[in-house]
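S.K.: For reference, the sequence and a predicted model appear below.
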Amino acid sequence: MKKILLIATGGTIASGYTKKGLAPKFEAAKLLEYVEEYREFCQVEVQQPFNLDSTNICGKHWLELTDWIERYYEDYDGFVICHGTDTMAFTAAALSYLIQNSRKPIIVTGSQKPIDLPVTDARTNLLDSLRFAADERAHGVNIVFGGNVIAGTRAKKERSKSYNAFSSINYPSVAVIRDGRIVFYIDDKEKAEDEVCFYHELNERLLLLKLVPGMDGSILSRLFDYYDGVIIEAFGVGGFPEYGEVPFYSEIRRWTDAGKIVMLATQVTHEGSDMEVYQVGRAIKEDFHLMEAYDMTLEATVTKAMWAMGLTLDGERFRSLFYKTINHDILLTPQGSGEG
Ligand code: ASP
């Protein structure tokens, strides 16, 4: 029988009602009591590094989770992390960069309703996650939620209340789980040959700037000192407005001249960026050799940039890390398309 480590971190799945609102309460062993059926297909042991609403989870927790998994990597066949849904897509993407080429499955799950309610998605999601983690074909970082298995870099929380909260963006689901049966759409464990690799550094001096009509480049002048890099979330397939007192063009020159990393992403959830289509994007991209997210999710773009900036601030080295396909995160790259 496969041996799985359940790592509980809080979130709604572990929450109970208090006078001040829902807050994490149940610990890992208690969660397991609600899904006794797991005994039919795996053995589970538990760890509890922290118990937080995922609103309060950030880079230091991603690094801590990486350390826990590295410490116990040889002792288990797979890992299931229970986590709040609000920042789950960021955590799953961050872990995809911090733990690469894992032949063992690392599943992130949670729920929209607490596990102790009579009607809840929590028990199904947790049981599905344990079932998936115990499957021979499972590997790498994935979210299991609402019957869907989504690559860790491709998930987005698109619904704040429904049970099908997460979608797989610009990429198919890895698998679906229906009534306890797993159907794989992407069954590629055999292709994974590299050794597992753990990283221990993130650079969080990263600004994500969402453009709104009327905003000009002066915002970047004010924030210049605080950040090593910026992702500008632009309109449509990507471009920069030309109005206002401080043009984006001159500010981007200042940032790139100073050796800061400048990337563009789109505000549109589906189908990605392509700055070369319109005049408002192409010239500035070419003049400053800007990087763009293409079909990566925003969560993946942000955490990949933090990971890569943790390794290097050299523009060319950063670029080759940013455009490398990791856990299915990017298909359309300047070098072409496809995962090869
Ligand atoms: N606020 C909760 C959290 O992210 C929401 C959830 O888990 O569904 O921890």
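M.R.: Good, I have the coordinates.

S.K.: what ranges do the strands span in the stretch 151-300 of the chain?
M.R.: 155-157, 166-168, 175-178, 181-184, 197-198, 206-210, 229-234, 261-266, 291-292 (DSSP state E, counting those that start in this stretch).

S.K.: Just the local confidence number for the closest residue to the ligand within the stretch 151-300 of the chain, please.
M.R.: Relative to the ligand, the nearest point of the stretch 151-300 of the chain is Ala165 (7.5 Å; Cβ to the nearest ligand atom). In this view, the C-beta of every residue, glycine as well, is placed from N, C-alpha and C. At Ala165, the model reports a pLDDT of 97.

S.K.: got a list of what it touches?
M.R.: By Cβ atoms under 8 Å, 6 or more residues apart in numbering, the residues touching Ala165 are Thr85, Gln112, Phe145, Gly146, Lys157, Glu158, Arg159.

S.K.: thought the fourth one was touching Phe166?
M.R.: Right, the one you point to is Gly146. Yes: the pair Gly146 / Phe166 is scored as a contact, 6.6 Å apart, by Cβ atoms under 8 Å.

S.K.: Apart from its neighbours in sequence, what residue is nearest Ser173?
M.R.: Nearest residue to Ser173, sequence neighbours excluded (Cβ to Cβ, 6 or more residues apart in numbering): Asn148, at 4.9 Å.

S.K.: okay, now that neighbour: neighbour count?
M.R.: With neighbours defined by other Cβ atoms under 10 Å, the count for Asn148 comes to 20.

S.K.: partners of it in the sheet?
M.R.: Beta-bridge partners recorded for Asn148 (DSSP bridges): Phe145, Val176.

S.K.: of all the residues in the stretch 51-200 of the chain, which ones are close to the ligand?
M.R.: Asp53, Ser54, Thr55, Gly84, Thr85, Asp86, Gly110, Gln112 (Cβ under 6 Å from any ligand atom).

S.K.: Closest one of those to the ligand?
M.R.: Nearest to the ligand, judged by Cβ to the nearest ligand atom, of those is Gly84 at 1.9 Å.

S.K.: And the residue nearest the centre of the chain, how close does it get to Asp86?
M.R.: Against the mean C-alpha coordinate of the chain, by Cα atoms, centre = their mean, the closest residue is Ala93 at 2.2 Å. Ala93 sits 14 Å away from Asp86, going by Cβ to Cβ, to the nearest Å.

S.K.: For stretch 56-75, buried residues please.
M.R.: Ile57, Gly59, His61, Trp62, Leu63, Leu65, Thr66, Trp68, Ile69, Tyr73 (16 or more other Cβ atoms under 10 Å).

S.K.: Quick check: mean pLDDT of that stretch?
M.R.: For stretch 56-75, the per-residue pLDDT averages 98.

S.K.: gap between it and the chain center?
M.R.: Counting by Cα atoms, centre = their mean, to the nearest Å, stretch 56-75 is centred 14 Å from the centre of its parent chain.

S.K.: who touches it?
M.R.: Outside stretch 56-75, the residues that touch it by Cβ under 8 Å, 6+ apart are 3, 5, 7, 9, 47, 49-50, 52, 79, 81, 83-84, 87, 90-91, 94-95, 98-99, 104, 106, 196, 198-202, 204, 303, 306.

S.K.: Among the residues you listed, which are located in strands?
M.R.: Counting by DSSP state E, those place Lys3, Leu5, Ile7, Gln47, Phe79, Ile81, Ile99, Ile106, Phe198 in strands.

S.K.: Count the residues that sit near the fifth one.
M.R.: In this case it means Phe79. Neighbour count of Phe79, defined by other Cβ under 10 Å: 26.
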